[in-house]
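Engineer: with the sequence up front, the predicted model follows.
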Amino acid sequence: MDGFAWTLDSFVTVRFSIEDHEPTSIKPSFATRSSIQQDTCSGFACMLQENIPTDITITTSNGSIRAHSNVLSACSPQLSAVHIPDMSIDECQCFINYMYGNLQERDFIAHRVALLGAAEKYDVSDLKVACVDSLSQDIDTENLIERLQVADFYQLQELKRSCIRLLVDFMKVYEIHDDFNEFIKTADTDLVVEILQHVLGSKLAGVF
């Protein structure tokens, strides 16, 4: 390790900056859409804002949300069944807001891991891309283990490689030694093997 130095800034550029101004909708920023689709999303958002009568109730782990079945089914046919026990009401509200084109950046950042799970479960591909892209942009020692676990659980290979590179190639494992030891005790065996293989490869390459 003697003589090794590396500046992390270029690797983990933060994608979003949250400032004290009027919130903006996340959906147009994270998915490539035609102008017709964007207009449609804007119309969907108005349906909520103008209290147009709803026809469906979404049940979450700690509450329920009213919505419009035609909007949900347009985004994901699987949402014709709307019992979502693995999301809190706040997380589910963000998910619904995304489909209505009315999700704010600060809410997206706060709930993007839960949104990734919902996008995976209900096959909302543009939301999944947005979540993975965002989670890849601000990896640091505070969230590295969590991101690695998320990447492994959802089989996000690029995100997993980024986390393992930070741990091994850039030696962040030494900065989170205790957390990493706890992680190893409960981690999936295949993931641990993958990390150790990367360590071995780095040793052979002279990194360690």
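Structural biologist: Perfect, I can see it now. Residues are numbered from 1 along each chain as shown.

Engineer: leaving out chain neighbours, which residue sits closest to L156?
Structural biologist: Leaving aside its chain neighbours, L156 sits nearest to V132 (5.6 Å; criterion: CB to CB, 6 or more residues apart in numbering). All C-beta spots, glycine's among them, are computed from the backbone N, C-alpha and C.

Engineer: in terms of helices and strands, where is that neighbour?
Structural biologist: In this structure, V132 sits in helix 125-137 according to DSSP states H and E.

Engineer: can you list the residues that contact stretch 53-65?
Structural biologist: Here stretch 53-65 makes contact (CB atoms under 8 Å, 6 or more residues apart in numbering) with 66-69, 72, 82-89, 91-93, 96.

Engineer: next step: these restricted to strands.
Structural biologist: The strands, defined by DSSP state E, take in 66-67 from these.

Engineer: now, of the contacts of stretch 53-65, which are buried?
Structural biologist: 67-68, 72, 82, 84, 87, 89, 91-93, 96 (16 or more other CB atoms under 10 Å).

Engineer: including distance to A110, could those residues go into JSON lines?
Structural biologist: As requested, those are exported to JSON lines (distance: CB to CB, whole Å):
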{"residue": "A67", "distance to A110": "21"}
{"residue": "H68", "distance to A110": "25"}
{"residue": "L72", "distance to A110": "22"}
{"residue": "V82", "distance to A110": "23"}
{"residue": "I84", "distance to A110": "18"}
{"residue": "M87", "distance to A110": "13"}
{"residue": "I89", "distance to A110": "14"}
{"residue": "E91", "distance to A110": "9"}
{"residue": "C92", "distance to A110": "13"}
{"residue": "Q93", "distance to A110": "11"}
{"residue": "I96", "distance to A110": "15"}
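
Engineer: so this structure: which segments form each domain?
Structural biologist: The chain breaks down by automatic domain parsing into domains covering 24-137, 139-208.
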